[in-house]
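>>> sequence below, structure please.
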Amino acid sequence: KDCMADCVEHVLKAKSLCLEAKDKSLALMERAVSVKDQLDDVGEMNIKSIKTVRELGQGGEIQEAIDLAMSMDDLVLESTKSVSTMVDRVTEGFQNLPDILTEGFEL
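Numbers count the residues shown, from 1 in each chain. Presented below is the predicted three-dimensional model:
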């Protein structure tokens with residue numbers, strides 16, 4: 001019972017982290033489309049287009065996209081650790097079951 005309760009906690013944590021990563025990935029897609037649209041508007045290279053590219057690089061939108069991507073990486077790593085811990089707990093719980101319940105199962 002305690003093992004199952006612990007597993008549920010890890011599942012809920014992993015689910016929450018995955019949902020947060022999904023939200024960040026949607027925000028990242030929006031940022032990428034915005035950057036792409038701004039670059040599409042540049043057209044041929046001239047003083048105005050160079051200024052536009054410089055403003056885009058200095059405006060923080062690209063850095064925000066990079067930061068979002070890096071934070072998503074951290075979320076996925078934390079979620080993976082949570083799932084791994086859950087699997088360990090399930091294995092531990094299974095190993096502690098009476099032999100009559102585990103007969104015929106290999107772990």
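>>> Glu44 in helix, strand or coil?
Assigned state for Glu44: coil (three-state reduction, DSSP: H, G, I helix; E, B strand; the rest coil).
>>> pLDDT score for it?
In the predicted model, Glu44 carries a pLDDT score of 74.
>>> Met29 too?
On the pLDDT scale, Met29 gets 90.
>>> which SSE is it in?
helix 2-40 (DSSP states H and E).
>>> for the helix or strand containing Leu77, buried residues please.
Taking DSSP H and E as the definition, one finds Leu77 inside helix 61-95. Residues of helix 61-95 classed as buried by neighbour count (16 or more other C-beta atoms under 10 Å): 61, 65, 68, 72, 75, 79, 82-83, 85-86, 89-90. Bear in mind the C-beta positions are built from the backbone N, C-alpha and C, glycine included.
>>> residues in contact with the closest residue to Ala21 other than its chain neighbours?
Nearest non-adjacent residue to Ala21, counting by C-beta to C-beta, 6 or more residues apart in numbering: Leu75, 4.2 Å away. When contacts are counted by C-beta atoms under 8 Å, 6 or more residues apart in numbering, Leu75 is found next to 17-18, 20-21, 24.
>>> Leu97: what secondary structure?
Per three-state DSSP, the secondary structure class of Leu97 is coil.
>>> check what pLDDT it gets.
79.
>>> what about the chain, any weak spots by pLDDT?
Counting by pLDDT under 70, the chain contains low-confidence residues at 1, 105-107.
>>> try it again with 90
Residues of the chain that meet the criterion pLDDT under 90 lie in 1-22, 24-25, 28, 31-107.
>>> and Leu97, how many neighbours?
Close neighbours of Leu97, defined as other C-beta atoms under 10 Å, add up to 11.
>>> equivalent analysis for Ile50, please.
Here the number of neighbours of Ile50 (other C-beta under 10 Å) works out to 11.
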